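>>> okay, predicted coordinates and the sequence, questions at the end:
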Amino acid sequence: MQHEKITIGTTIGRPIEVVWTYYNQPKHIVNWNFASEDWHCPKAEIDLKVNGKMKSRMEAKDGSFGFDFEATYNAISEFKKIVYTIEDGRTVNIDFKDENGKTKITVVFEAENMNPIDMQRDGWQAILNNFKAYVESK
């Protein structure tokens, strides 16, 4: 089944090595991997290698809702690119680009069929914006 592709992105005012580390280490992921202040990411596991797994948990802080996110890495090019497949078969491509000491991140992901495209784009962009704010505050 063909899924529509959604593209989001941001530029972070930190060097690519710092951005890469904060994006891929569980001790950092738990601090930014959520779309709004009433959510959190209580746990994250990363095995950053081809066929390795990425697992995280997102929950509403009031305990009313939560879900597990799991994916398998397909390709990794350090400081450049990550490709993974989510459990439901959708693919995500993340590109990291050095722009004079800043880092541009572009994420292209396949939409799921349960929620409107705008809602999915806004949710993923909110998480990426939260990541940017976290990295730039360090």
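Arrived safely, thanks for sending.
>>> quick one: list the elements packing against the host helix or strand of residue 106.
Taking DSSP states H and E as the definition, residue 106 sits inside strand 102-110. Under the contact criterion of 3 or more Cβ pairs under 8 Å, 6 or more residues apart in numbering; DSSP states H and E, strand 102-110 touches strand 5-12, helix 16-24, strand 91-99, helix 117-136. Just so you know, the C-beta spots here come from the backbone N, C-alpha and C atoms, and that holds for glycine as well.
>>> buried deepest among those, which one?
Looking across the helices and strands packed on strand 102-110 with neighbours counted as mean count of other Cβ atoms under 10 Å, the highest average goes to helix 16-24: a mean of 18.
>>> residue 38 against residue 63, yeah?
No: using Cβ atoms under 8 Å, residue 38 is not in contact with residue 63, being 11.1 Å away.
>>> the two: who's more crowded?
Neighbour totals were compared for residue 38 and residue 63, and residue 38 leads with 10 against 7 (other Cβ atoms under 10 Å).
>>> what's the first helix or strand after the lengthiest strand in the chain?
Longest strand of the chain, by residue count under DSSP state E: strand 66-77. Note on strand 66-77: by DSSP H and E, the next helix or strand toward the C-terminus is strand 81-86.
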